[in-house]
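[1] what's the 3D shape of this:
(chains A and B)
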2 protein chains.
Amino acid sequence: MPKVTEEHRAARRDQILRAALRCVAAEGFHKTTMGSVIRESGLSAGAVYLYFRSKQDLIRAIAETAVSGIADTVDELAAADDVVPPVEAVTTVLRRLLEMSDELGVEIPRLSVQAWAEAGRDPEIQQLLSGEAGRIRQAWISYAGRAIEAGYVDAGAGEVESVAETLMAMVPGFMLFRIVLGSDVSPERYTSGLAALLR
Amino acid sequence: MPKVTEEHRAARRDQILRAALRCVAAEGFHKTTMGSVIRESGLSAGAVYLYFRSKQDLIRAIAETAVSGIADTVDELAAADDVVPPVEAVTTVLRRLLEMSDELGVEIPRLSVQAWAEAGRDPEIQQLLSGEAGRIRQAWISYAGRAIEAGYVDAGAGEVESVAETLMAMVPGFMLFRIVLGSDVSPERYTSGLAALLR
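    Residues are numbered from 1 along each chain as shown, chains lettered A, B, ... in the order given. As a prediction, the model looks like this:
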């Protein structure tokens, strides 16, 4: 049996994850099966099951991939030496969302609405997404605390969470605009209205 | 053949529409069939096809029902003698959304994510929703114009549309919070962060 390096394993896992992402974006979580992911990946069933034992495993990995990218970006904004104003923070996250879509070869907005629809139907997925959304929420709370400290937002200590939630809620709004109104809605265009409101 | 009154026809149509709403909320647009709506309605296939000739007809009627409630509410806000501030306008729309959910016997947030997921997959549904979203957008543009006039928002004439879009985007954000984070997120709690940001 050939020796499998860590690097090889990571690349294999990534190959399967990308195949799963394409399946879900095209068909939705509901219709995606281990069989369709195996076909899309071009690997053998045995190879795929070595990395992901079930569809549930795959869904978890997909949610973690998409959420990590967003949560890490917000964490960086919160940890920056010079914290940026709210409109710039939201714009940065939206830009990162589009970059991630390019990197993964799948539109995150399209993938996300599939996940939300599934969460509305399946309590297990709802639990999973709720946990992941909690990570993003925590990151926005860190950012909101610093934005208030810096004087960008005139809010009391008891309002940090609701300010964080409002900024967080701007992101799904953008994804929907992209899906329903068309992909010519840019991050800058989308946040210009928030800029006017916060003036 | 008995004479069918207009009133009877409207009640029948409503009965079928509600059955379809329950099917879509439970199963998604994708899995809902004319057969499942017929079963859920308790009527004969012939009776159902008299009102809706296809699944497409039903989906259109569902989208129009949900969208009209929102668009009408925003139109009223825009036409009011005393225009209310933006936070109050968004809160009013979110409250109306929950009232409509009670009236229709189906959670509009849950229904909406099903529709968005379908729009990401099916260009015909995307076109339909895009048109309906356009109606809501127009209503928010009318409101934003008046809010700027009234001095609630410090924006130029060229910014009316983007202010309208930002306020509009707050609504799907709320629906997602209800689905992903749980239904204890109230309209007032959700908009308190916007209130702090606009202070």
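
[2] Could you list the single helix or strand in chain A with the lowest mean pLDDT?
    helix A:108-119 (a mean of 85; mean pLDDT, DSSP states H and E).

[3] Give me the residue ranges of chain A where confidence is low.
    Applying pLDDT under 70 to chain A flags residues A:1-3, A:183.

[4] quick one: the helices in it?
    Using DSSP state H, the helices of chain A run over A:6-31, A:34-41, A:45-51, A:55-79, A:86-104, A:108-119, A:123-149, A:160-176, A:187-198.

[5] Count the neighbours of the closest residue to A:K55 other than its chain neighbours for me.
    In this structure, A:K55 finds its nearest non-sequential neighbour in A:M34, 5.7 Å apart by C-beta to C-beta, 6 or more residues apart in numbering or on different chains. To be clear about C-beta, it is placed using only N, CA and C from the backbone, and glycine gets the same treatment. When neighbours are defined as other C-beta atoms under 10 Å in any protein chain shown, A:M34 has 17 of them.

[6] cool, and the one 5 residues further on?
    A:R39 has 14 neighbouring residues, counting by other C-beta under 10 Å.

[7] what's near enough to touch the closest residue in space to A:V153 that isn't next to it in sequence?
    The shortest distance from A:V153 to any non-neighbouring residue, by C-beta to C-beta, 6+ apart, is to A:A147 (5.1 Å). Applying C-beta atoms under 8 Å, 6 or more residues apart in numbering or on different chains to A:A147 gives the contacts A:V83, A:P85, A:P86, A:A89, A:V153, A:V163.

[8] same check, this time on A:V106
    Applying C-beta under 8 Å, 6+ apart, the residues contacting A:V106 are A:R18, A:L21, A:R22, A:V24, A:A25.

[9] circling back to that earlier point, how about residues contacting the least confident helix or strand of chain A?
    Contacts for helix A:108-119 (C-beta under 8 Å, 6+ apart): A:21, A:24-25, A:28-30, A:62-63, A:66, A:97-98, A:100-101, A:125-126, A:129-130, A:172, A:174-176, A:178-179, B:28, B:113-114, B:116-117, B:119-120, B:176, B:179-180.

[10] what's the answer for stretch A:123-132, then?
    Contacts to stretch A:123-132, defined as C-beta under 8 Å, 6+ apart, come from residues A:29, A:56, A:59-60, A:63-64, A:67, A:115-116, A:118-120, B:179-182.

[11] A:R199: which of these is nearest?
    Closest approach to A:R199 among these (C-beta to C-beta): B:L181, at 29.6 Å.

[12] Could you report the neighbour count for that closest one?
    Residues within reach of B:L181, counting by other C-beta under 10 Å, total 17.

[13] shouldn't it be in contact with A:I136?
    No. The pair B:L181 / A:I136 is not scored as a contact, 10.7 Å apart, by C-beta atoms under 8 Å.

[14] Next up, the contacts around the spatially closest residue to A:A26 that is not a sequence neighbour.
    What sits nearest to A:A26 in space, not counting adjacent residues and going by C-beta to C-beta, 6+ apart, is B:R121, at 7.4 Å. Residues near B:R121 by C-beta under 8 Å, 6+ apart: A:A26, A:E27, A:G28, B:H30.

[15] before we move on, the earlier item: which among the contacts of A:A147 count as buried?
    Neighbour-count burial (16 or more other C-beta atoms under 10 Å in any protein chain shown) applied to these gives A:V83, A:P86, A:A89, A:V153, A:V163.

[16] Closest to chain B out of those?
    Nearest to chain B among the buried ones among the contacts of A:A147 is A:V163, at 4.6 Å by C-beta to the nearest C-beta.

[17] so that closest one sits right up against B:T191, yeah?
    No. If you go by C-beta under 8 Å, A:V163 and B:T191 don't touch, sitting 11.6 Å apart.

[18] Also near chain B: which of the contacts of A:V106, exactly?
    Contacts with chain B within those, as defined by C-beta under 8 Å from any C-beta of the partner chain: A:A25.

[19] In contact with A:L98: list those residues for me.
    Contacts here follow C-beta under 8 Å, 6+ apart; on that basis A:L98 touches A:I108, A:P187.

[20] 6 Å instead, please
    By C-beta atoms under 6 Å, 6 or more residues apart in numbering or on different chains, A:L98 lies in contact with nothing.

[21] Now do the closest residue to A:G69 other than its chain neighbours against A:D72, distance only.
    Spatially, and ignoring its direct neighbours in sequence, A:G69 is nearest to A:M100 (4.6 Å; C-beta to C-beta, 6+ apart). According to C-beta to C-beta, to the nearest Å, A:M100 and A:D72 sit 10 Å apart.

[22] Which of the two has more residues huddled nearby?
    A side-by-side neighbour count of A:M100 and A:D72, using other C-beta under 10 Å, places A:M100 first with 18 against 14.

[23] which parts of chain A sit against chain B?
    For chain A, the contact set with chain B under C-beta under 6 Å from any C-beta of the partner chain comprises A:110, A:113-114, A:116-117, A:119-120, A:129-130, A:133, A:153-155, A:159, A:162-163, A:165-166, A:169, A:172-173, A:176, A:179-180, A:192-194, A:196-199.

[24] mind checking how far A:R22 is from A:G151?
    Note on A:R22: its distance to A:G151, by C-beta to C-beta, is 45 Å.

[25] With A:S101 instead?
    Here A:S101 is placed at a distance of 34 Å from A:G151 (C-beta to C-beta).

[26] Right, I'll leave it there.
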